[in-house]
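J.: next input, structure requested:
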Amino acid sequence: MRLIVATLTPFDRTAQVDHGQVREHLAFLAEGGVDGFAPTGTSGEFLYLSWAERRALHATTLENAHGREVVPCVWDPSPGRAAELARAAEADGAAAVFLPPPLYHVVGDEAVRRWYGAVRDAVALPVWAYDHPRTHNPISVALWRQLVADGVEAMKDSSGDPVRVSALADACPGRVYAGGDHLQGRAVELGPCLGHISRQANLTPALCRRAVDGDAAAREALMVELARGGGLVASKQRLGFGCRAPIA
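T.: Here you go, the predicted model:
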């Protein structure tokens, strides 16, 4: 299974994105054996970054990817601006782009299909969906099949529910990445998944690599790490990454 890191965003003492730390962190992750990077997703705090900051973070990640694939999150409140981010990522050599559905207000399946269509029609590279319980517009198995028929290439599911992940993977084999770090190493339960997109891999890339590859001892050690690791702020503190309001 593939292991992609949902990379964290470091900030300096003035609350600006610290691109030097980004470069150092990418080198550390590549040495740990990960397959790729997914910047400016939920763990990358996309809601608290400007469009220009997200664009710059994508460029820095692509320039320092150490031969790994980069799949930036291109979410923006405006579908047109999301498409612009996707085109810029494509020009810089991204392997694919991903984005959550519209946030907060429930909009219905047809609106979600149009949302992804606006980005899919703007680029030639693959577009991935991203389902997270916080979005308020969950991607059901039925909607997932429709999105695949529309040309969406893959999806990250961050429900953390192995039954749901398995159902999505069975519906469209070879197209689903599991979020939820506790699912690493449970390939048999997850069905025909492509792999994992992991926040924990920011801290322990080599350990996550072994767990994803089926090492039982590594999975046990990973569960211990997850139990002590805490949330986003704790992860950033352990890496020496600064935060930006509202996260503190």
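J.: what helices and strands are in contact with the lowest-mean-pLDDT helix or strand in the chain?
T.: Across the helices and strands of the chain, mean pLDDT, DSSP states H and E gives its lowest value to helix 187-190, namely a mean of 78. On a contact count with 3 or more C-beta pairs under 8 Å, 6 or more residues apart in numbering; DSSP states H and E, helix 187-190 meets helix 162-171. The way it works is simple: take the backbone N, C-alpha and C, and place the C-beta from them, glycine included.
J.: quick check: mean pLDDT across stretch 162-173?
T.: For stretch 162-173, the mean per-residue pLDDT is 95.
J.: so what touches that stretch?
T.: Contacting residues not belonging to stretch 162-173 are listed as 141, 144-145, 148, 155, 157, 159, 175-176, 178, 180, 183, 186, 189-193 [C-beta atoms under 8 Å, 6 or more residues apart in numbering].
J.: tell me where this structure has helices.
T.: 19-31, 51-63, 79-91, 109-120, 141-150, 162-171, 187-190, 205-212, 216-229, 232-239 (DSSP state H).
J.: buried ones in the first one, by neighbour count?
T.: When you say that, I think you mean helix 19-31. Within helix 19-31, the residues that count as buried by 16 or more other C-beta atoms under 10 Å are 19, 21-22, 25-26, 29-30.
J.: mind giving me the packing neighbours of that helix?
T.: helix 51-63, helix 205-212.
J.: what separates it from the chain centre, distance-wise?
T.: 17 Å (C-alpha atoms, centre = their mean, to the nearest Å).
J.: repeat for the fourth one
T.: Shown here is helix 109-120, whose average C-alpha point lies 19 Å from the average C-alpha point of the whole chain (C-alpha atoms, centre = their mean).
J.: let's see stretch 28-47 as PDB, backbone CA atoms only.
T.: Taking C-alpha atoms only, stretch 28-47 is exported to PDB below (Å, rounded to 0.1, in the frame of the first residue of the first chain):
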ATOM      1  CA  PHE A  28      13.000  14.100   6.700                       C
ATOM      2  CA  LEU A  29       9.800  12.500   5.400                       C
ATOM      3  CA  ALA A  30      11.500  11.300   2.200                       C
ATOM      4  CA  GLU A  31      14.200   9.700   4.200                       C
ATOM      5  CA  GLY A  32      11.500   7.900   6.200                       C
ATOM      6  CA  GLY A  33      10.300   6.200   3.000                       C
ATOM      7  CA  VAL A  34       7.000   7.800   2.300                       C
ATOM      8  CA  ASP A  35       5.600   7.800  -1.300                       C
ATOM      9  CA  GLY A  36       4.200  11.300  -1.500                       C
ATOM     10  CA  PHE A  37       3.000  14.500   0.100                       C
ATOM     11  CA  ALA A  38      -0.400  16.100   0.300                       C
ATOM     12  CA  PRO A  39       0.100  19.700   1.400                       C
ATOM     13  CA  THR A  40      -2.600  22.200   2.500                       C
ATOM     14  CA  GLY A  41      -5.200  19.700   3.500                       C
ATOM     15  CA  THR A  42      -7.100  19.600   6.800                       C
ATOM     16  CA  SER A  43      -3.800  18.900   8.700                       C
ATOM     17  CA  GLY A  44      -2.200  21.600   6.600                       C
ATOM     18  CA  GLU A  45      -4.800  24.200   7.900                       C
ATOM     19  CA  PHE A  46      -6.000  25.200   4.400                       C
ATOM     20  CA  LEU A  47      -8.900  27.300   5.900                       C
END
